[in-house]
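> quick one, what's the 3D model for this:
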Amino acid sequence: MKKLSQYRLSKDESAFVQGPLSRFKELVFTFKVQYNFIKAFRKMHFIGPCVTVFGSARFGPEMDHYQDAERIGAAMAKLGFTVMTGGGPGIMEAANKGAYEAGGYSVGCNIVLPVEQKPNPYLHKWIYIPYFFVRKVILVKYSFAFIVMPGGIGTLDELFEALTLIQTKIIAGFPVVIFDTEYHKNLCEHIDMMVQHESISPADLQLLFVTDSVPDLVAHIENHAIKKFGLRKIQYKPKWWFGERSR
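Residues are numbered from 1 along each chain as shown. Predicted structure coming up:
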């Protein structure tokens, strides 16, 4: 396995979105993207079904947000889910830790950044991904529920990415839970304001469940993911000629 120091922040993605490049450079970029998708698919093929937990990397173990995420990770593991996060510190570490110590399975999709890129110590499996959009696909692809903990801009990006995909029926109507009503009060008020201005439908509010209660969160995910979709552990058989292992 490569050492962390061998991974570097990719400048390809930044260059790609700044306008047209030469045809050759754009072709090379697409091959790099394809390679990273295939690498991630191979790594994550046997891990599901997952719950993805989003949240800030900046909250430490002494904070309530961290402790809440730890309890939630443990609860999801006890429901039989693999807990997936961005693989870093803070809320991500807490959710992974909860699952790991509860005897569940814990995975991380680490983005390569100048800071906050080291994988937390509570991961059974992780992968480094140099492109944000590839990472976002992987965080969504294997998950049947999304839990949004207190976080920053990246957390909001991931929240609205999931909601957009559900609203447009690109993915099924998986439960999206926003945890901590006080922290997200202004966000929820803004979403209500969008309904009032008819920029979203009142029915879109049904895509969200907002709570401060871990038992209520568990019950919601049990009803709207496990029972609704009849979830069970995915049993794909590894192909030895692909060099695959189940975990």
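
> what about Thr52, distance to Leu21?
Counting by CB to CB, to the nearest Å, the separation of Thr52 from Leu21 is 32 Å. (Glycine included, C-beta is placed from N, CA and C.)

> Gly60 too?
41 Å.

> His197 too?
39 Å.

> so for the two, which sits in the more crowded spot?
Leu21 (14 against 8; other CB atoms under 10 Å).

> which one is that one nearest to, not counting chain neighbours?
Counting by CB to CB, 6 or more residues apart in numbering, Ala15 is the residue found nearest to Leu21 once chain neighbours are left out, at 6.6 Å.

> and the one you found, how many residues sit next to it?
Neighbours around Ala15, by other CB under 10 Å: 13.

> just after the strand or helix carrying it, pick out the following helix or strand.
Assessed by DSSP states H and E, Ala15 sits inside helix 12-16. For helix 12-16, the following helix or strand on the C-terminal side (DSSP H and E) is helix 23-44.

> helix or strand right after that following helix?
strand 50-54.

> right, and the helix or strand after that following strand?
Assigned by DSSP H and E, the successor of strand 50-54 is helix 64-79.

> please identify the buried residues of that next one?
Across helix 64-79, burial judged by 16 or more other CB atoms under 10 Å covers 65-66, 68-77, 79.

> stretch 169-181 too?
Buried-residue list, stretch 169-181, by 16+ other CB under 10 Å: Phe174, Pro175, Val176, Val177, Ile178, Phe179, Asp180.

> now the fourth one, what's its secondary structure?
I take that to be Val177. Secondary structure assignment for Val177 (DSSP: H, G, I helix; E, B strand; the rest coil): strand.

> let me see the contact set for it.
Ala145, Phe146, Ile147, Val148, Leu208, Phe209, Val210, Thr211, Leu217, His220, Ile221 (CB atoms under 8 Å, 6 or more residues apart in numbering).

> could I get the buried residue list for stretch 102-114?
Applying 16+ other CB under 10 Å to stretch 102-114 flags Ala102, Gly104, Tyr105, Ser106, Val107, Gly108, Cys109, Asn110, Ile111, Val112 as buried.

> bridged to the fifth one, which residues?
The residues listed as beta-bridge partners of Val107 by DSSP bridges are Met84, Lys125.

> just checking, it touches Met44?
Yes: assessed by CB atoms under 8 Å, Val107 is found in contact with Met44 at 7.0 Å.

> shared neighbours of those two, anything?
Joint contacts of Val107 and Met44 (CB under 8 Å, 6+ apart) are Lys125.

> isn't Gln51 right up against Ile147?
Check again: residue 51 is Val, not Gln. Yes: the criterion here is CB under 8 Å, and Val51 meets it with Ile147 at 6.3 Å.

> overlap in contacts, these two.
In contact with both Val51 and Ile147: Met76, Ile221, using CB under 8 Å, 6+ apart.

> I'd like the mean pLDDT over the helix holding Ala15, please.
Helix 12-16 comes out with an average pLDDT of 71.

> check stretch 149-169 too.
96.
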